[in-house]
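>>> Got a sequence here, can you build the structure:
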Amino acid sequence: MTATIAAPANQQTPSASRTRVDIGGIARTAAGFGIVIIAWEVIARLVLGGTNLIAPPSGIVSSWIDNWDLYQRAMSATLWSAARGFFWGNLAAVTLAGFVVLAPATERVVLRLSLVIFCLPLVAMGPILRVVWGTGDGPQVTLAALAVFYTTLVPLLVGFRAVPQSWTDLVHSYGRGRFRVLTTVRIRASVPYLFAGLQVAAPAAFLGALVGEFTGAQRGMGLLTINSMRALRTNDLWAVATISALVSMAAYVIVGMVGRRLAIGQPALLMTPPSGGPAITTRRRVIRALTEAAISVSIVLVLWIGLMAVLDLDNYFAKRPADVWDYLFGRPASQANRTEILDALSGTARIAIPGYIVGLVLGAVFAALFDLYDTVRRTLTPFAVALRCVPIVVIAPLLVQAFGRGMTGTTTTVAIMTFFPTLVACSHGLRQTPGQVLEFYSVYDTGRVRTLLSGQVPAMVPAFFAAARIAVPTTVLAATVAEWLATGTGMGNLMALTAVNSRYETLWACIFVVTVIVAAAYGVVAIVEQWVLARVAPEQLSW
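As a prediction, this is how the structure comes out:
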């Protein structure tokens, strides 16, 4: 039986005490910022002067002053596209999550379909959407929506599950069904998880809008970024990147503030024993998995063919499943076609896999350090947020120039994209440790490290695996963007070249292969997650 222990109202948890204003901490943080700005200026002018790698802060400010009207108009266009994509993408996520709660049997199919949509490479989808939408801002809004909906869907489902069974049993005892449980219990419990996803989604929406602007938009920050890169105007490039980062940071902070205002009480203490029902045999598991996979594939094919027919898209650029199959397996040249794609895929895998692992590990480690040491959290959090909010399309070429076109530069780019969502999710997961658990360790005068490892880390595990699942397609996005803009190798470069050269069969085949590989990798992570959660957080495995 699940038990819920209410914490005394007059006791404070360690996280509550952090809300007190610390003037000394603020002063130290401001001093740290000042030192960083001075060091940045010195390095840009004296160490890297003439390399067109880094612009000094003074040069960035000068560019702001000279081009402020232009930047203001461009930012307005990009923000409008990102905001609409943010709204529609998150609306889709919330709707799907609610549907899954009301019809749990559809969860695996819904998640598979959502994953397929999220796995579509932005580098490849941009040119296709530009052909479909024309010269308007349709591609920007669509890519922004695609970039955010899955990052909200996964944490929201974790939050819907994070309720004690005694709460749902109480609602059911009054004859109420799943809908009433959703509206009275699960929505309230999911608020912190929802806003954790929204915080990650805010910079992602801006990135999606930027990528959409690269495909032929007539205005926007993405267009200014491309023009500055091509003209080697380093000050202008960093001015655009800095404005983009500041706007994304502001959105991140505002979403976090709203989430903290809406959070209700302390997390409940969940004590869910292993299920006493009959165990599912391996044969039944396999049959269920194959059935769900067949249903998912069928729905994807129907949607693929149906959308092509409804939109009446020309077969010249809008390839159908039969065209992709024929390209890969039905022609004398199919072997050469597969070899070209697999060679590019192997190059992408060599940077994506290490970047994925490094980003996950560093995200979890820094989340733990932030929880242990307030000074570290105050000092490094703004830089971590800024690093993620600087558009990858700007930072990827700079990192490759700094670390070289080899594995180090591109892996660093991938790790940065994976690091931030993991940091946010794990920090949120650590804060979800029930106050009763923290008080238990406090009574026995347990040290902070021991409390973290044995009390808080288990509470963090569901959030960590949610980040690990989200990071799979995010890693591929980062790797392909880095290859597209900086290295000239791998799947990113191949998709960009095929789009430019109108080799649409190759482009659609690349999209198909990347989506299948990412879905398979996601499945591996999900299997590991199921095994771990069955031992650490069994309440996450059922409704």
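>>> The closest residue to E483 other than its chain neighbours and L423: what is the separation?
Spatial nearest neighbour of E483, excluding adjacent residues (CB to CB, 6 or more residues apart in numbering): G492 at 3.1 Å. The way it works is simple: take the backbone N, C-alpha and C, and place the C-beta from them, glycine included. From G492 across to L423, the span is 25 Å (CB to CB, to the nearest Å).
>>> Counting neighbours around each, name which of those two comes out higher.
G492 (32 against 25; other CB atoms under 10 Å).
>>> Mind giving me the packing neighbours of the host helix or strand of that one?
Using DSSP states H and E, G492 sits within helix 490-500. With contacts taken as 3 or more CB pairs under 8 Å, 6 or more residues apart in numbering; DSSP states H and E, helix 490-500 sits against helix 122-133, helix 334-372, helix 457-482, helix 504-536.
>>> so the third one versus helix 122-133, what angle?
With axes from the mean of the first three to the mean of the last three CA atoms, to 10 degrees applied, the angle from helix 457-482 to helix 122-133 works out at 60 degrees.
>>> Let me know which of the helices and strands packed on helix 490-500 is tucked in deepest.
helix 457-482 (a mean of 25; mean count of other CB atoms under 10 Å).
>>> any idea of the mean pLDDT for the helix or strand where L224 lies?
If you go by DSSP H and E, L224 is part of helix 221-230. Throughout helix 221-230, pLDDT has a mean value of 84.
>>> Tell me the buried residues in that helix?
M221, G222, L223, L224, T225, I226, S228, M229 (16 or more other CB atoms under 10 Å).
>>> Can you name the next helix or strand after that helix?
That would be, after helix 221-230 and using DSSP H and E, helix 234-262.
>>> so what are the domain limits for this structure?
57-270+319-541, 280-309 (automatic domain parsing).
>>> Please convert those to TSV, extending it with distance to I38.
Listed next are those as TSV, based on distance: least, CB to CB, whole Å:
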stretch	distance to I38
domain 57-270+319-541	9
domain 280-309	54
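>>> Can you tell me which of the ones you listed is most buried?
domain 57-270+319-541 (a mean of 20).
>>> What angle do helix 221-230 and the helix or strand where L79 lies make with each other?
In the assignment (DSSP H and E), L79 maps to helix 68-102. Put simply, helix 68-102 runs at 130 degrees to helix 221-230, going by the same axes, to 10 degrees.
>>> just how off-centre is stretch 243-262 within its chain?
16 Å (CA atoms, centre = their mean, to the nearest Å).
>>> Number the residues from 59 up from this point.
Right, with 59 as the first residue, what we last looked at is stretch 301-320.
>>> quick one: contacts of that stretch?
Under the criterion CB atoms under 8 Å, 6 or more residues apart in numbering, residues 122, 129, 133, 136-137, 249-250, 252-254, 256-257, 260-261, 264, 268, 279, 440, 443-444, 446-449, 452 lie in contact with stretch 301-320.
>>> From D384, how far off is the residue of the chain most remote from its centre?
Computed with CA atoms, centre = their mean, the residue of the chain farthest from its C-alpha average is P390, at 40.2 Å. Distance from P390 to D384, counting by CB to CB: 11 Å.
>>> And for L348?
26 Å.
>>> pLDDT weak spots in the stretch 209-358 of the chain?
322-340, 343 (pLDDT under 70).
>>> Quick one: the strands in it, in order.
Here the stretch 209-358 of the chain has no strands by DSSP state E, counting those that start in this stretch.
>>> mind pulling up the phi and psi values for the residue nearest to A247 when sequence neighbours are not counted?
Closest residue to A247 apart from its sequence neighbours, by CB to CB, 6+ apart: V221 at 4.5 Å. Taking degrees, to the nearest 10, you get phi -130, psi 140 for the backbone angles of V221.
>>> Surely V221 touches V243?
Yes - under the criterion of CB atoms under 8 Å, V221 makes contact with V243 at 5.4 Å.
>>> Find the centremost residue of this structure, please.
T209 (4.9 Å).
>>> Contacts only, for that one.
G255, V258, A259, A262, P479, I528.
>>> who touches the second one in this structure?
Residues touching V258, when contacts are defined by CB under 8 Å, 6+ apart, comprise T209, F478, P479, V482, A483, I528.
>>> For those residues, could you give me a markdown table that also reports distance to A425?
Below are the contacts of V258 laid out as a markdown table (distance: CB to CB, whole Å):
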| residue | distance to A425 |
| --- | --- |
| T209 | 17 |
| F478 | 11 |
| P479 | 11 |
| V482 | 8 |
| A483 | 8 |
| I528 | 15 |
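>>> Helices - which of those land there?
T209, F478, P479, V482, A483, I528 (DSSP state H).
>>> I'd guessed the third one sits against V530; true?
No - proximity of P479 to V530 does not meet the contact threshold set by CB under 8 Å, at 11.1 Å.
>>> still on that earlier bit, T532 versus the residue nearest to the centre of the chain, what's the distance?
8 Å.
>>> pLDDT value on G82, please?
67.
>>> sorry, that was for F522
F522 is given a pLDDT of 90.
>>> Could you find the closest non-adjacent residue to it?
In space, F522 is closest to C484, 5.5 Å off (CB to CB, 6+ apart).
>>> right, and that neighbour touches F523 too?
No - between C484 and F523 there is no contact under CB under 8 Å: 10.4 Å.
>>> Please list all residues in contact with T406.
So T406 contacts V534, A537, T538, E541, G548, M549, G550 (CB under 8 Å, 6+ apart).
>>> Was I right to think the last one contacts V534?
Going back to what we said before, that points to G550. No - the criterion here is CB under 8 Å, and G550 misses it with V534 at 9.2 Å.
>>> can you list residues touching both of those two?
P179, T406.
>>> export stretch 547-567 as CSV, just CAs?
Extracted C-alpha coordinates of stretch 547-567, given in CSV (Å, rounded to 0.1, in the frame of the first residue of the first chain):
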residue,chain,number,x,y,z
THR,A,547,31.4,15.3,-43.0
GLY,A,548,28.8,12.8,-41.8
MET,A,549,25.0,12.8,-42.1
GLY,A,550,24.6,16.5,-41.5
ASN,A,551,26.8,17.4,-44.5
LEU,A,552,25.2,14.7,-46.7
MET,A,553,21.7,15.9,-46.0
ALA,A,554,22.7,19.5,-46.6
LEU,A,555,24.4,18.7,-49.9
THR,A,556,21.5,16.6,-51.1
ALA,A,557,19.0,19.3,-50.3
VAL,A,558,21.1,21.9,-52.2
ASN,A,559,21.6,19.6,-55.2
SER,A,560,18.0,18.5,-55.3
ARG,A,561,18.9,14.8,-54.6
TYR,A,562,15.6,14.3,-52.8
GLU,A,563,15.7,10.5,-52.9
THR,A,564,18.9,10.5,-51.0
LEU,A,565,17.6,13.2,-48.6
TRP,A,566,14.5,11.2,-47.8
ALA,A,567,16.5,8.0,-47.4
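>>> Averaged pLDDT, it. What do you get?
The model assigns stretch 547-567 a mean pLDDT of 86.
>>> Not counting it itself, show me its contacts.
Against stretch 547-567 from outside (CB under 8 Å, 6+ apart): 179, 181-182, 184-186, 374-377, 381-382, 385-386, 395, 398-399, 402-403, 405-406, 409, 537-543, 545, 568-569, 572.
>>> Leaving out chain neighbours, which residue sits closest to E99?
In space, E99 is closest to P114, 4.8 Å off (CB to CB, 6+ apart).
>>> would you list the helices and strands packed on helix 548-558 in CSV and tack on distance to G147?
Output for these, formatted as CSV (distance: least, CB to CB, whole Å):
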stretch, distance to G147
helix 180-191, 13
helix 392-430, 22
helix 515-540, 13
helix 562-594, 18
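>>> So for V495, which of these sits nearest?
For the helices and strands packed on helix 548-558, distance to V495 was read as CB to CB. The smallest value, 7.5 Å, belongs to helix 515-540.
>>> when you compare where that closest one runs with where helix 548-558 runs, what's the angle?
Using the same axes, to 10 degrees, helix 515-540 lies at 40 degrees relative to helix 548-558.
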